[in-house]
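[1] generate coordinates for the sequence data below:
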Amino acid sequence: MDKDIATPVRTRAILEKYGFSFKKSLGQNFLIDTNILKKIVSFADLTEESGAIEIGPGIGALTEQLARSAKKVVAFEIDQRLLPILNDTLSPYPNVKIIHQDVLKADVQSVMEEEFSGTAEVMVVANLPYYVTTPIIMKLLEDHLPIRGIVCMLQKEVADRISAKPGTKDYGSLSIAIQYYTEAETVMIVPKTVFVPQPNVDSAVIRLIKRDKPAVSVKDERFFFQVTKASFAQRRKTLLNNLTSQLPDGKQKKEEILAALSLSQIEPSRRGETLSLEEFARLSDALYPYFQ
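    Below you'll find the predicted structure:
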C-alpha cells in the first residue's frame, strides 16, 4: 500500500474499496500528485502551531499533507458518502476533525473558536469545488474571520480574475472585492492531468494574505462594492452609462452621478476596468450621499 493517499494506485484502490462514484454536481476532482499537494501546503507557510481549515477534503489527500504540517486540521465535507472513507484514510492523524456541513451555511467563526484554541494562527487551504469557488472565498472574507489567509486551488480563469490588475481584460469587480481584503497572487499553475476525473479546465493555486486593514478606506463597504459591481455591469459601456443604468434611480440622478465623477476627478467616459481601487474608493464616497 502506498504511504500517501494522493497516488493514482492508492486513490483507485480507495475508490474501488468503497464503490465511490464522482458527483458532477459537487464538482469532485481528486488530486493524484503528492508533489503538487506538498507544494500547495508549502505556500501556506504552516508551522507546528498553525491551524488549517480545509473545504471539500474528498478522500483526504490534501488533508493528510496538512495534518503532517499543522497542529490541527478542520475539514468541511458536504458529501456524506465520503465520511466513512475519510474516517478510514485519515485514521493515522488524530489532529484532524471532519465536519459534515456545507461551509456556505456553517458558522465558521464558532467552529474556529471551538477547535482552534491554542493555535497561533489559522490558514484556509483547499482544493475548492469549482462551481462555488467565488461564494466560498467571499464568505470567508466578508465574515471577517480571524484567518491569516487562504491558499486554494481553483479554475485558472478565476485565479486570473482575482489577481488581475487595472487596465487588463481580467480585472473586474471580483478582483476589487478580493484585493480590497487581501494581497492576492497566483503562485502555481496546475495541469488537468493530475486529477481524477480530469476537469475540462486548467487550474491554478492562488494565495490570499489578509491585509491588516482593507486596501482603501471607504464610508460604506457595501455601497463601495455596489458601485464597483455597477461599473462593470457591461464592460464595453462607460462608467457614466453603467452607473446611471445600474444604481438605484440612477437615470433620475444622472446630474448627481456627474457631480460625483467630477469631484473624484474621474472622466465619465472612462470604463470601469481602468479604475484603481483608490479611484473606486473616491468615487463611491462621492456618490454615497446621493444614494442614502
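
[2] which non-adjacent residue is nearest Pro166?
    The spatially closest residue to Pro166, leaving aside those adjacent along the chain, is Ser276, at 5.0 Å (CB to CB, 6 or more residues apart in numbering). In this view, the C-beta of every residue, glycine as well, is placed from N, C-alpha and C.

[3] would you confirm that the one you found contacts Gly167?
    No: if you go by CB atoms under 8 Å, Ser276 and Gly167 don't touch, sitting 9.1 Å apart.

[4] more neighbours, the two?
    Neighbour tally, Ser276 and Gly167, criterion other CB atoms under 10 Å: the higher count belongs to Ser276, 15 against 11.

[5] look at that one and report its pLDDT.
    Note on Ser276: pLDDT of 97.

[6] any idea how far Thr47 is from it?
    35 Å (CB to CB, to the nearest Å).

[7] for the chain, which spans come out with low pLDDT?
    Where the chain drops to pLDDT under 70, the residues are 1-2, 24-27.

[8] element containing the residue located most distally from the centre of it?
    Distance from the C-alpha centroid of the chain, by CA atoms, centre = their mean, peaks at Glu255 (37.6 Å). Per DSSP states H and E: Glu255 is located in helix 254-263.

[9] Ala204 should be in a helix, yeah?
    No: secondary structure of Ala204 (DSSP: H, G, I helix; E, B strand; the rest coil): strand, not part of a helix.

[10] distance of it relative to Pro57?
    20 Å.

[11] same deal with Asp170?
    Counting by CB to CB - Asp170 and Pro57 are separated by 29 Å.

[12] neighbour count: the two, which is higher?
    Pro57 (27 against 16).

[13] excluding covalently adjacent residues, which one is nearest to that one?
    Using CB to CB, 6+ apart, the closest residue to Pro57 is Ala75 (4.0 Å).

[14] residue ranges of the strands in this protein, please?
    30-31, 50-55, 72-76, 96-99, 121-127, 149-155, 182-190, 195-196, 203-210 (DSSP state E).

[15] which one of those lies closest to Phe225?
    strand 182-190 (14.6 Å; CB to CB).

[16] list the neighbouring strands of the closest one plus their orientation.
    strand 203-210 (antiparallel) (DSSP bridges).

[17] got the angle between the partner strand and strand 149-155?
    160 degrees (axes from the mean of the first three to the mean of the last three CA atoms, to 10 degrees).
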